[in-house]
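Enquirer: here is the input, now give the coordinates:
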Amino acid sequence: TFISSTPPDNLSIQEFQKNESIDVEVVQLISTEILPYANFIPKEFVGQIMTMLNKGSIHSQSSSFTEAEIDIRMREEFSKVCFETLLQFSFSNKVTTPQEGYISRMALSVLLKRSQDVLHRYIEDERLSGKCPLPR
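Expert: This next block holds a predicted model:
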């Protein structure tokens with residue numbers, strides 16, 4: 001849970017960026033050293049990894065930053081790596097047996113659920129915003 005949790009508000013920008021780079025390295029390690037061997041790993045564990053990647057792929061930011069610091073603190077690189085990992089394993093074409101395809105089905109299921117959530121939030125936010133344009 002440390003990877004996808006929101007970092008504490010009292011971190012400096014340098015500490016925040018260092019924490020993000022560690023999180024990015026952990027996701028890259030998972031992507032190269034664990035997920036390619038998912039057919040040898042318990043499905044529950046792979047499901048937890050997919051859940052973590054889904055949560056990580058959603059931008060998170062701290063609320064205590066000044067307006068200029070917000071963009072730096074968005075954890076964009078971490079979100080990008082999580083999303084790319086989900087995409088990479090949702091289109092896996094190295095499937096020779098049905099049990100090997102479950103990682104692709106799991107990743108695709110997570111991406112579809114995320115897409116559905118984004119569309120639902122957009123509809124709700126648009127309805128609440130009235131005539132004001134939605135922020136980025």
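
Enquirer: drop to CA atoms for contacts and neighbour counts, all remaining ones
Expert: Noted.

Enquirer: report the contact partners of Lys80.
Expert: Ser57 (C-alpha atoms under 8 Å, 6 or more residues apart in numbering).

Enquirer: let me know the secondary structure of it.
Expert: With DSSP: H, G, I helix; E, B strand; the rest coil as the basis, Lys80 sits in helix.

Enquirer: the helix or strand containing Glu84: what's the following helix or strand?
Expert: If you go by DSSP states H and E, Glu84 is part of helix 76-90. As assigned by DSSP H and E, the chain's next helix or strand after helix 76-90 is helix 102-129.

Enquirer: now that following helix and helix 76-90, what's the angle there?
Expert: 130 degrees (axes from the mean of the first three to the mean of the last three C-alpha atoms, to 10 degrees).

Enquirer: where does this structure dip in pLDDT?
Expert: Scanning the chain for pLDDT under 70 picks out the ranges 1-9, 59-74, 92-100, 136.

Enquirer: could you find the residue nearest the spatial middle of it?
Expert: Ser57 (1.9 Å; C-alpha atoms, centre = their mean).

Enquirer: now that one: how far from Asn39?
Expert: Distance check for Ser57 against Asn39: by C-alpha to C-alpha, to the nearest Å, it reads 23 Å.
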